[in-house]
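Student: Okay, sequence plus prediction incoming.
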Amino acid sequence: MRIIFKIARAELRTMFYSPIAWIILVVFFVISCTSFLSRLTDSAREQELLLKNSIVPIESEASLSYSMVDGSLLNAFFYIFIFVPLLTMGTINREEQSGTMKLLGSSPVSITEIVLGKYLGLILFNLMLMSSVALILFTSYFCVHDAEMYLYLSMLLGLTLYASCLMAIGLFVSSITSYQVVAGIATFLLLSFLNMMGSIGQQYDLIRDITWFLSPSGRAGNMTAGLITTRDVCYFLLIIILFLGFTAIRLKSRQESKSWRVALYRNTILTLVILTLGYFTSRPGYIGYLDVTREKTNTLDSASQAVLKELDGSPVTATLYTNLLGNKLEYGLPKSRNAYIWMFWDRYVRFYPNIKWKYVYYYDIMNGDSSLYRKYPGRDIHYIARQTARLNNIDVNDFLKPGEVNKLVDLSGEQSLNTLLELEYKGKKAFARFTNGGQDAWPKEPPMSGTFRRLVRNNTPQLFFTTGHYERSPWRFGEREFGVHANLQSSDVSIVNNGMDADTLSLLHKDIPAKTSVLVVADPRSKLDATEQDAILRYLEKGGNALFYAEPGKQQMLNPILNKLGVNLNNGILVSPGPNREAHKFGYFLNDTGNYMAREMLMQKYQKTGKEPAGAEFSGNTTISFKDTAGFRAVPILTLPGYPNTWIETGVFVADSAAPIYTPGEGDIQQDEYILGVKLSRTINNKEQRIVIMGDADFMSPRYKSGGKIGLGLYSWLVNNEYPVYKKWIKVKDNKLTIGKNPARVLRYIYLYGIPGFLLLTGTVLLIRRKRK
């Protein structure tokens, strides 16, 4: 060890006697600081301006701990990549040119000690570079209120391991050639090649895992986000060992007079050992995780973890169906398989390792879809598939022909033939669908939890929407219909994608099934038959849950049923004329009771902070009156205060005509409070019965954003809050600065001029004194 430290000290001394090291130190420090200081001064100026003008700053939903330093981290990663070839290009070959290597070879110093000593010297210089980033993170910790120290330490660890890995590679290249410039260029080219290697041969099963493992690109991404895994740490350590081993073998072969095959065998054996260790340290289910973020943002939500705990350990088979002619093709191709496993499945495998993956490739189009035929006039589907495969550089013969996939899976219920994920567990199957594009195209966490629940629960919640009287339909997607929030398969917030089923039910032809979880009567436009009314009342008498959507002018359609429950839809329409809005439209919020009904994001925020209640856009409201009847306890969930310019218009109201005028003599009514939504509950048959009545149906239509921030909250309450499986809302604590613009400006001058100037002066003095000696 003493020899190793002596060699490291000599290497470090040599580096600091070169102007290159000092220039790199100064440039790296300035570049790393620039982004951070710009963001710090801008944010401090903005925050101080808001406070000075007595404006309460809007609390950011983003963590400043990360956003303040992410630009500096990106710069640091990039310039480490640029500077490593300059630092390492003379590490070994400098000794070869000066003859020092021959002296070391004839002394009682082993090749291993030489390599480790040289590398330790590089690591010590690397730590000096990392001190620049550490200073930025340290400054951010004290400038951001309640910043995350452990996140910063994880970032620093990731950058340090990344730089150390690149230096090991540079050290090896330096041992290959005796020309420093050639070594520098070769190191840069090799690092570039290794970075690109992660995308080379990804369509081939044999090559995919090898190239993915060898590429350092993105390896520190988890650590910079606060997630430390044994897979990433072992990767860096193994790559370091691999290239240090290559270096030692190279130097050893120069001292020996053996055939070049000996060195080849040694390198091959070392490579196989490293790849084998890399394989076993990166297998799903054998990886250790440490999420150091305060709110465990890199970990599955506790609700999702609870769903996975319902599985009994039996294997889950995840089959990815990829349609060559469908959307999201790029996510299902073999070249994206590692991203699919590590970017999407990794967080699930962490808590349930017994997951198996299968892949099915096919090409087909929906019946009646002629868009591709119009694009390729006169061509058949096989020609279109061949052209698409050619554009994507894949073999069309790897894809099942139209109709063949139907032997494996039933896709008849799908609204489009896109990339689709099917989960199978103990004989039960369920789909998880890709929704939004871009980085978030993978199925989201709440829908995935809903899909897992379909596999483990014996009964899936069944929501039946009555039909036969022009009600809002869960299967149509027009601007007044309910299909978007009920059965739109491309939406990650729809009922069907969150573990529930929604269908229609005609009470004229069929009684309400016993399996019904929620009966939805959504704005009937004609009178319900006595048979239908009796069926609904019998269902309610047995304790069934229900949701009624009403509309002004059609109160008489639902009042015969609701009056039995102690609820009445009052005549008239609620209006509030204003210069910038239509009189019958309101943007309003659930009251305290309504916000505690479910766990939609804004509901959770209100529950924790008392701020920003969940709301929606309402159009045409009928007011509600009630009294406790038949054991029901009625509680308002949506109310509007009695503003001076608000009343119940009982006369004829025409939305696109002149603004209404309040005329009490004609029956218009003003109240202190208007009730627009109410919930009923009672205990019957040893369970709680739940009913919701809303005075408007438009707010759940796509024209009015399908419920807005209320979302599926009403449905969630009616299924006892078991669905959807919501993620928790996180209150960000580190969302403001502790300094003003003047201290930020002082820091800017110190970091951009003071410290770099001091380093330049120190380096200049040292180099001049060295030259004089």
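Tutor: It's in. Everything quoted here is computed from the prediction, not taken from an experiment. Numbering: from 1, shown residues only.

Student: For the protein, give me the ranges with low pLDDT.
Tutor: 54-60, 95-107, 206, 436-440, 773 (pLDDT under 70).

Student: Pull out the buried positions in the longest strand along it.
Tutor: Longest strand of the chain, by residue count under DSSP state E: strand 673-684. Residues of strand 673-684 classed as buried by neighbour count (16 or more other Cβ atoms under 10 Å): Y674, I675, L676, G677, V678, K679, L680, S681, R682, I684. Every residue, glycine included, has its C-beta placed from N, CA and C.

Student: Identify, from those, the entry nearest to V765.
Tutor: Nearest to V765 among the buried residues of strand 673-684, counting by Cβ to Cβ, is G677 at 76.6 Å.

Student: isn't that closest one right up against F699?
Tutor: No. Look at G677 against F699 with Cβ atoms under 8 Å: they stay out of range, at 9.7 Å.

Student: Taking strand 673-684 as reference, get the angle to the next helix-or-strand element following the longest strand of the chain.
Tutor: Past strand 673-684, further along toward the C-terminus, the next helix or strand under DSSP states H and E is strand 687-694. Interaxial angle of strand 687-694 relative to strand 673-684 (axes from the mean of the first three to the mean of the last three Cα atoms, to 10 degrees): 160 degrees.

Student: Paired strands for strand 687-694, with orientation please.
Tutor: Strand 687-694 pairs in its sheet with strand 545-549 (parallel), strand 673-684 (antiparallel), by DSSP bridges.

Student: doesn't E471 make contact with P524?
Tutor: Yes. With contact defined as Cβ under 8 Å, P524 counts as touching E471 (5.1 Å).

Student: Let me know the secondary structure of the residue lying closest to I365 once chain neighbours are set aside.
Tutor: Spatial nearest neighbour of I365, excluding adjacent residues (Cβ to Cβ, 6 or more residues apart in numbering): L325 at 5.6 Å. Judged by DSSP: H, G, I helix; E, B strand; the rest coil, the three-state class of L325 is coil.

Student: Domains in this structure, by residue range?
Tutor: 2-292+735-772, 302-456, 462-718 (automatic domain parsing).

Student: Go through these and name the closest to V725.
Tutor: Closest among the domains of the chain, using Cβ to Cβ: domain 302-456, at 3.6 Å.

Student: Please name the residues that touch the residue nearest to I365.
Tutor: Y363, D364, I365, L372, I381, I384, A385, T388, L417 (Cβ atoms under 8 Å, 6 or more residues apart in numbering).

Student: Just the buried ones from those residues, in PyMOL syntax?
Tutor: Here the buried members of the contacts of L325 are turned into a PyMOL selection, burial being counted by 16+ other Cβ under 10 Å:
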select buried, resi 363+364+365+381+384+385+388+417
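
Student: Among the contacts of L325, which one sits closest to E256?
Tutor: Out of the contacts of L325, the member with the shortest distance to E256 (by Cβ to Cβ) is T388, at 55.9 Å.

Student: My reading is that that closest one lies in a helix. Confirm?
Tutor: Yes. Assessed by three-state DSSP, T388 belongs to a helix.

Student: which residues touch it?
Tutor: L324, L325, Y363.

Student: Now do it against T419, distance only.
Tutor: Relative to T419, T388 is positioned 14 Å away (Cβ to Cβ, to the nearest Å).

Student: before we move on, what about F344?
Tutor: Counting by Cβ to Cβ, the gap from F344 to T419 is 12 Å.

Student: Contacts for stretch 417-424 next, please.
Tutor: 316-323, 325-329, 331-332, 364-366, 409, 411, 414, 429-434, 443, 451-452, 455.

Student: and L455, which of the three is it?
Tutor: Strictly by three-state DSSP, L455 counts as helix.

Student: pretty sure it contacts G427?
Tutor: No. Counting by Cβ under 8 Å, G427 is not a contact partner of L455; they are 9.5 Å apart.

Student: same for the helix or strand harbouring H485, what does it pack against?
Tutor: H485 belongs to helix 483-487 when assigned by DSSP H and E. Of the remaining helices and strands, none touches helix 483-487 by 3 or more Cβ pairs under 8 Å, 6 or more residues apart in numbering; DSSP states H and E.

Student: Tell me how far it lies from the chain's centre.
Tutor: Centroid separation for helix 483-487 versus its chain: 23 Å, with Cα atoms, centre = their mean, to the nearest Å.

Student: Helix or strand next in line after it, which one?
Tutor: By DSSP H and E, the next helix or strand past helix 483-487 is strand 501-505.

Student: Mind listing what's buried along that following strand?
Tutor: D501, A502, T504, L505.

Student: Just the CA atoms of it, as PDB, please.
Tutor: C-alpha atoms of strand 501-505 as PDB (Å, rounded to 0.1, in the frame of the first residue of the first chain):
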ATOM      1  CA  ASP A 501     -66.000  -1.700 -15.600                       C
ATOM      2  CA  ALA A 502     -68.700   0.600 -17.000                       C
ATOM      3  CA  ASP A 503     -71.600  -0.600 -19.100                       C
ATOM      4  CA  THR A 504     -75.100   0.300 -20.000                       C
ATOM      5  CA  LEU A 505     -78.300  -1.300 -18.700                       C
END
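
Student: partners of that strand, with directions?
Tutor: Going by DSSP bridges, the partners of strand 501-505 are strand 462-466 (parallel).

Student: wait, what's in contact with G713?
Tutor: Contacts of G713 by Cβ under 8 Å, 6+ apart are L590, M597, A598, R599, E600, M603, A614, G707.

Student: what's around the nearest residue to it once chain neighbours are set aside, how many residues?
Tutor: Nearest residue to G713, sequence neighbours excluded (Cβ to Cβ, 6+ apart): A598, at 3.6 Å. Close neighbours of A598, defined as other Cβ atoms under 10 Å, add up to 24.

Student: I'd assumed N720 was in contact with A598.
Tutor: No. A598 is not in contact with N720 according to Cβ under 8 Å; the separation is 10.6 Å.

Student: Show the subsequent helix or strand relative to the host helix or strand of S716.
Tutor: For S716, the host element (DSSP H and E) is helix 713-718. As assigned by DSSP H and E, the chain's next helix or strand after helix 713-718 is helix 741-749.

Student: Could I get the buried residue list for that following helix?
Tutor: K741, A744, R745, L747, R748.

Student: Determine the set of other helices and strands touching the helix or strand hosting F77.
Tutor: If you go by DSSP H and E, F77 is part of helix 70-88. Where contact means 3+ Cβ pairs under 8 Å, 6+ apart, helix 70-88 is packed against helix 19-52, helix 111-143, helix 149-174, helix 180-197.

Student: got these as JSON lines, with mean neighbour count columns?
Tutor: Converted to JSON lines, those look like this (neighbours: other Cβ atoms under 10 Å):
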{"stretch": "helix 19-52", "mean neighbour count": "18"}
{"stretch": "helix 111-143", "mean neighbour count": "20"}
{"stretch": "helix 149-174", "mean neighbour count": "23"}
{"stretch": "helix 180-197", "mean neighbour count": "17"}
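
Student: Quick check: which of those is nearest to R581?
Tutor: Comparison of the helices and strands packed on helix 70-88 against R581 by Cβ to Cβ identifies helix 19-52 as nearest, at 28.6 Å.
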